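Asker: Predicted model and sequence below, questions to follow.
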Amino acid sequence: MSVVRDAALKAQNIYTTRLMAEEICQKLRSKDYLSEILAINNFVWKHTRYMRDPRTVELVQAPYLVTEQIVAGKIPQVDCDDTSAYISSLLLAVGCEARVVTVAFRHMFYAGRRQYSHIFAQGKEPKSGTWITCDPVAGVDTDKMLRRVVAAHVWPIA
């Protein structure tokens with residue numbers, strides 16, 4: 001998932017990403033890091049729509065382009081890797097440690113390698129050290145989705 005990590009790392013340094021993160025968090029109390037993480041997740045959930053990639057292409061949208069669409073009043077059509085990169089870039093822009101997690105819901109292998117079918121972002125709440133799952137694709141069923149996971153791989157964003 002280096003494409004998602006790279007996209008998030010690049011986008012965190014684009015000023016419009018920081019401005020969007022500030023807009024999302026502007027009404028929160030200072031140093032309420034958990035609320036920042038949750039606000040970013042809820043914002044992406046509210047302002048984007050899930051849509052699968054084209055059948056034969058793995059399309060990853062640059063996070064800054066998602067911001068541009070939202071600012072223009074549009075509703076970006078994104079899938080799980082797009083939301084993971086976008087959420088991660090916003091988390092990084094507010095100084096949060098972030099990572100992405102790929103998961104498998106079935107034991108599927110191709111050429112001896114496990115096949116993962118979903119990805120989501122996590123932000124680390126620094127006061128407790130707890131990783132908070134941010135997955136607008138799963139929506140209110142995040143806990144239910146996590147219970148179905150049979151394998152996971154964590155990809156730190158450094």
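Answerer: Yes, it's here.
Asker: Just list the residues touching residue 50, thanks.
Answerer: Shown in contact with residue 50 (C-beta atoms under 8 Å, 6 or more residues apart in numbering): 77, 78, 79, 80, 83, 136, 137. (Each C-beta comes from the backbone N, C-alpha and C, glycine too.)
Asker: make it 10 Å
Answerer: 77, 78, 79, 80, 82, 83, 136, 137, 138, 139 (C-beta atoms under 10 Å, 6 or more residues apart in numbering).
Asker: So which residues of the protein form strands?
Answerer: 49-50, 77-78, 97-104, 109-110, 113-114, 118-125, 130-134, 151-156 (DSSP state E).
Asker: For those, give me CSV that also has distance to residue 21 and mean pLDDT.
Answerer: Converted to CSV, those look like this (distance: least, C-beta to C-beta, whole Å; pLDDT from 0 to 100):
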stretch, distance to residue 21, mean pLDDT
strand 49-50, 21, 96
strand 77-78, 17, 96
strand 97-104, 12, 97
strand 109-110, 37, 95
strand 113-114, 33, 96
strand 118-125, 12, 97
strand 130-134, 13, 97
strand 151-156, 20, 96
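Asker: Can you tell me which of the ones you listed is packed in deepest?
Answerer: Highest mean neighbour count among these (mean count of other C-beta atoms under 10 Å): strand 118-125, with a mean of 23.
Asker: between it and strand 97-104, how many degrees?
Answerer: 150 degrees (axes from the mean of the first three to the mean of the last three C-alpha atoms, to 10 degrees).
Asker: by contact count, what packs against strand 118-125?
Answerer: helix 2-11, helix 33-47, helix 80-93, strand 97-104, strand 130-134, helix 142-147, strand 151-156 (3 or more C-beta pairs under 10 Å, 6 or more residues apart in numbering; DSSP states H and E).
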